[in-house]
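**Student:** please work out how this folds:
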Amino acid sequence: MKILVTGGAGFIGSHVVDRLVKEKHEIVVLDDLSSGDEEFIVSHTHRSEENFQFHKIDLLHGDITGFFEGVEEVWHLAANPEVRIGAEDTRVHLEQNVIATYNVLEAMRVKGVRRLIFTSTSTVYGDADKLPTPEEYPTIPISLYGASKLACEALIGAYCHTFDMRAWIYRFANVIGRRSSHGVIYDFINKIRSNSKELEILGDGNQTKSYIYVADCIEAILDGLKASARGENKNRVNIFNIGTDDMTTVKRIAEIVCEEMRVSPKPKFKFTGGKRGWKGDVPIMLLDASKLNELGWKQKYNSEEAVRKVAGDLLNH
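**Tutor:** Below you'll find the predicted structure:
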């Protein structure tokens, strides 16, 4: 199958491309490399020139339609993943998430591409008072990032019903793993390397969330698609939560990172205060992933196991 992956040089996108290449698909990657890893792209180009194309392009500028010629499926992962930045620059998520998604959908419409896999987020639920939170829970985001992803979901749904497309939308918990260039583990490692005596922790450290290892996340996506291939659902738009069945606190993550870095004595934790790490931060998050569990997917790592593994991965990279 010829598959186009937007954001395929990024953290999650690069792991997706690894898996799709392994499954012998023909891959076209579009990425502007604003946060992606060019070395990852180079390694694939050398390994599989016939079945792998990379195009450095901004989805917001220029005509991307030609890249969709002959494509049978699109994995749209390109986005600005920094939730906090929306409070400082209110246009970032509108442009890089919503408008970019519109441009992808338009290119699909013009070229007759009918299948879309889209990576959404737990932040579309906002401050959910039902934990674990199911897919049917009301979506009232409290961050511009969450709002932009929900707007993307709405656009995708409209295109699917108007232009006979099908979509699989996956709402992620916190996805962590090798190649990550942002997030709490990455930040803690860099802070400790700069000052091993004191570690600043945003909020009160009691923010409690689900953290899923990237390989578990990709396996969950594929299991959702395989269920459709078996004919278990015929919906135009399929929405699935992906997350672990447990949570851990930001303070515990800090402790694990210190243990993995073998910092002695342990740095003094300095909390900025408040139950949120930043404006728009959801302090408690646990997704109900039972829909995927019923299709046969099970996590390999719980939240703490994933955090410890990723800390080791990042430190040894």
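**Student:** hey, let's count contacts and neighbours off CA atoms from now on
**Tutor:** Will do.
**Student:** residue ranges of the strands in the stretch 151-300 of the chain, please?
**Tutor:** 166-172, 174-176, 198-201, 208-209, 211-213, 237-242, 248-249, 268-271, 284-285 (DSSP state E, counting those that start in this stretch).
**Student:** residue most distant from the centroid, the protein?
**Tutor:** Pro265 (34.5 Å; Cα atoms, centre = their mean).
**Student:** other SSEs contacting the longest helix along the chain?
**Tutor:** When the chain is parsed with DSSP state H, its longest helix is helix 144-162. Applying 3 or more Cα pairs under 8 Å, 6 or more residues apart in numbering; DSSP states H and E, one finds that helix 144-162 contacts helix 92-93, helix 100-111, strand 115-121, strand 166-172.
**Student:** 6 Å instead?
**Tutor:** Applying 3 or more Cα pairs under 6 Å, 6 or more residues apart in numbering; DSSP states H and E, we find helix 144-162 packed against no helix or strand.
**Student:** chain center to that helix: distance?
**Tutor:** Relative to the mean C-alpha coordinate of its chain, helix 144-162 is positioned 16 Å out (Cα atoms, centre = their mean, to the nearest Å).
**Student:** low-confidence stretches in the stretch 1-150 of the chain?
**Tutor:** Confidence mapping of the stretch 1-150 of the chain against pLDDT under 70 gives the ranges 42, 44-49.
**Student:** again, only this time at 50
**Tutor:** Applying pLDDT under 50 to the stretch 1-150 of the chain flags residues 46.
**Student:** coming back round to it: kindly reformat the strands of the stretch 151-300 of the chain as JSON lines containing mean pLDDT, mean neighbour count and distance to His317.
**Tutor:** Compiled in JSON lines, the strands of the stretch 151-300 of the chain are given as follows (pLDDT from 0 to 100; neighbours: other Cα atoms under 10 Å; distance: least, Cα to Cα, whole Å):
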{"stretch": "strand 166-172", "mean pLDDT": "97", "mean neighbour count": "23", "distance to His317": "25"}
{"stretch": "strand 174-176", "mean pLDDT": "97", "mean neighbour count": "24", "distance to His317": "14"}
{"stretch": "strand 198-201", "mean pLDDT": "97", "mean neighbour count": "18", "distance to His317": "22"}
{"stretch": "strand 208-209", "mean pLDDT": "98", "mean neighbour count": "20", "distance to His317": "25"}
{"stretch": "strand 211-213", "mean pLDDT": "98", "mean neighbour count": "28", "distance to His317": "16"}
{"stretch": "strand 237-242", "mean pLDDT": "97", "mean neighbour count": "22", "distance to His317": "26"}
{"stretch": "strand 248-249", "mean pLDDT": "98", "mean neighbour count": "20", "distance to His317": "24"}
{"stretch": "strand 268-271", "mean pLDDT": "97", "mean neighbour count": "14", "distance to His317": "26"}
{"stretch": "strand 284-285", "mean pLDDT": "98", "mean neighbour count": "24", "distance to His317": "29"}
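**Student:** select, out of those, the one closest to Leu225.
**Tutor:** The minimum distance between Leu225 and the strands of the stretch 151-300 of the chain falls on strand 166-172, with 7.6 Å, by Cα to Cα.
**Student:** quick one: that closest one to strand 237-242, angle?
**Tutor:** The directions of strand 166-172 and strand 237-242 differ by 20 degrees, with axes from the mean of the first three to the mean of the last three Cα atoms, to 10 degrees as the criterion.
**Student:** tilt between strand 166-172 and strand 115-121?
**Tutor:** Going by the same axes, to 10 degrees, strand 166-172 makes 20 degrees with strand 115-121.
**Student:** okay, Ser194 and Pro267: tell me how far apart.
**Tutor:** Ser194 sits 12 Å away from Pro267, going by Cα to Cα, to the nearest Å.
**Student:** likewise Tyr102?
**Tutor:** Counting by Cα to Cα - Tyr102 and Pro267 are separated by 46 Å.
**Student:** ok, now Arg19?
**Tutor:** 38 Å.
**Student:** before we move on, the earlier item: take the strands of the stretch 151-300 of the chain and write them to CSV, including distance to Ile64.
**Tutor:** Below are these laid out as CSV (distance: least, Cα to Cα, whole Å):
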stretch, distance to Ile64
strand 166-172, 20
strand 174-176, 28
strand 198-201, 41
strand 208-209, 37
strand 211-213, 32
strand 237-242, 24
strand 248-249, 41
strand 268-271, 45
strand 284-285, 36
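**Student:** quick one: closest of these to Glu135.
**Tutor:** Taking Cα to Cα, strand 237-242 is the member of the strands of the stretch 151-300 of the chain nearest to Glu135, at 6.4 Å.
**Student:** report the inter-axis angle for that closest one versus helix 144-162.
**Tutor:** Using the same axes, to 10 degrees: strand 237-242 against helix 144-162 is 150 degrees.
**Student:** which residues does strand 237-242 contact?
**Tutor:** 166-172, 289 (Cα atoms under 6 Å, 6 or more residues apart in numbering).
**Student:** now stretch 131-144
**Tutor:** Stretch 131-144 is contacted by residues 86, 123-126, 147, 280, 286-288 when judged by Cα under 6 Å, 6+ apart.
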